[in-house]
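Novice: got a sequence here, can you model it:
(chains A and B)
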Number of protein chains: 2
Amino acid sequence: MTTEEMLVYTALNAWKLVTDRFDSVIAPLSEAQLQKQVAPGKNRLLYLVGHLTAVHDRLFPLLGLGDRLHPELDEIYITSPDRAFSDPVPAAALKQAWSDVNGKITAAFEKLTPAQWLEKHTAVSDEDFAKDPTRNRLAVLISRTHHVAFHTGQAALMK
Amino acid sequence: MTTEEMLVYTALNAWKLVTDRFDSVIAPLSEAQLQKQVAPGKNRLLYLVGHLTAVHDRLFPLLGLGDRLHPELDEIYITSPDRAFSDPVPAAALKQAWSDVNGKITAAFEKLTPAQWLEKHTAVSDEDFAKDPTRNRLAVLISRTHHVAFHTGQAALMK
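Specialist: Below is the predicted model:
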């Protein structure tokens, strides 16, 4: 492995570790347990599952990696706060979506070369990317990895 | 900048963004506000500040980057749970330590080359590193960045 490949491999490994960690928190929980709020008046665990699934699903167009699997989740889990809807997606289906999205996006990540990781993402213009070349795919991967860790910190309060 | 340098620059930028974000949560808080728990029965914000400071301070020996600034924090904020001690370090001093440690460790990070980021950290043996070359400095940086994000998710519940 070259230095470049190893650097990318390390970042991708971190993504996997962090998503697996969130998964290990929510996988064993029952539907009733997923209804609990992480703290009084805060998001339910179920909402966090939907929110992370929708955010990861948006990575397909954002990183130019194909079509989304679950665009219908955005309105419930990104645009709206928790409890705006009365859980139109059953918990089991949501867990499945979380698993499907992560499996597919991670497989797409693994095909990218180091140079491709440094290409711009689709939400930045050529002009802005020229000014700030850190607005690349890798920065998005790292940012989304932190986002999972951020919410895992909240989910972990349920223990 | 070479591809290697850009990959490292992107990861280091993420570390700065995440530590700055935690900083922006705690910096404006009064001593009384830092006494609040992130959720009922959970860690106080003050403990999280001490905990992250101690964990980051341990990066100096772990990554072979010089001497620690605050080894005295470990017993209070890593080895022991919150409230085991009655806050021997005043909040203002703790905030200063957080700022000092991050300033010094980030400056040390900025001097490392891509090849040095892929060198083993000091807590792994040569033999184990040969088996798993992802046990390098970069993996530690990424892991600690997630750790900050994890606790920032908890601190953000106070809003």
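
Novice: tell me the buried residues in stretch A:11-30?
Specialist: Applying a neighbour-count criterion of 16 or more other C-beta atoms under 10 Å in any protein chain shown, one finds A:11-12, A:14-15, A:17-19, A:21-23, A:25-26, A:29 buried in stretch A:11-30. Placement of C-beta: from N, CA and C, glycine included.

Novice: what about that stretch, near chain B?
Specialist: Yes: contact of stretch A:11-30 with chain B (C-beta under 8 Å from any C-beta of the partner chain) involves A:11, A:13-14, A:17-18.

Novice: stretch A:125-138 too?
Specialist: Yes: Stretch A:125-138 lies within reach of chain B by C-beta under 8 Å from any C-beta, at A:133-134, A:136, A:138.

Novice: scan those and report the most crowded one.
Specialist: For the residues of stretch A:125-138 next to chain B, the largest number of neighbours (other C-beta atoms under 10 Å in any protein chain shown) sits with A:L138, at 27 neighbours.

Novice: so that one touches B:T3, yeah?
Specialist: No: counting by C-beta atoms under 8 Å, A:L138 sits too far from B:T3 to count as a contact (10.5 Å).

Novice: give me the common contacts of the two.
Specialist: A:L118 (C-beta atoms under 8 Å, 6 or more residues apart in numbering or on different chains).

Novice: which bits of chain A sit near chain B?
Specialist: Contact residues, chain A versus chain B (C-beta under 8 Å from any C-beta): A:1, A:3-4, A:6-11, A:13-14, A:17-18, A:38-40, A:42, A:114-115, A:117-118, A:133-134, A:136, A:138-139, A:142-143, A:145-147, A:149-154, A:156-157.

Novice: please indicate which of the residues you listed are buried?
Specialist: Buried members of the residues of chain A next to chain B, scored by 16+ other C-beta under 10 Å, are A:3-4, A:6-11, A:14, A:17-18, A:38-39, A:42, A:114, A:117-118, A:133-134, A:136, A:138-139, A:142, A:145-147, A:149-154, A:156-157.

Novice: list the contacts for the closest residue to A:A108 other than its chain neighbours?
Specialist: Nearest residue to A:A108, sequence neighbours excluded (C-beta to C-beta, 6 or more residues apart in numbering or on different chains): A:L65, at 4.2 Å. By C-beta under 8 Å, 6+ apart, the residues touching A:L65 are A:59, A:105, A:108-109.

Novice: got the buried residues of stretch A:11-30 as a markdown table, with pLDDT columns?
Specialist: Formatted as a markdown table, the buried residues of stretch A:11-30 follow (pLDDT from 0 to 100):
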| residue | pLDDT |
| --- | --- |
| A:A11 | 92 |
| A:L12 | 94 |
| A:A14 | 91 |
| A:W15 | 95 |
| A:L17 | 93 |
| A:V18 | 94 |
| A:T19 | 96 |
| A:R21 | 95 |
| A:F22 | 96 |
| A:D23 | 95 |
| A:V25 | 93 |
| A:I26 | 93 |
| A:L29 | 92 |
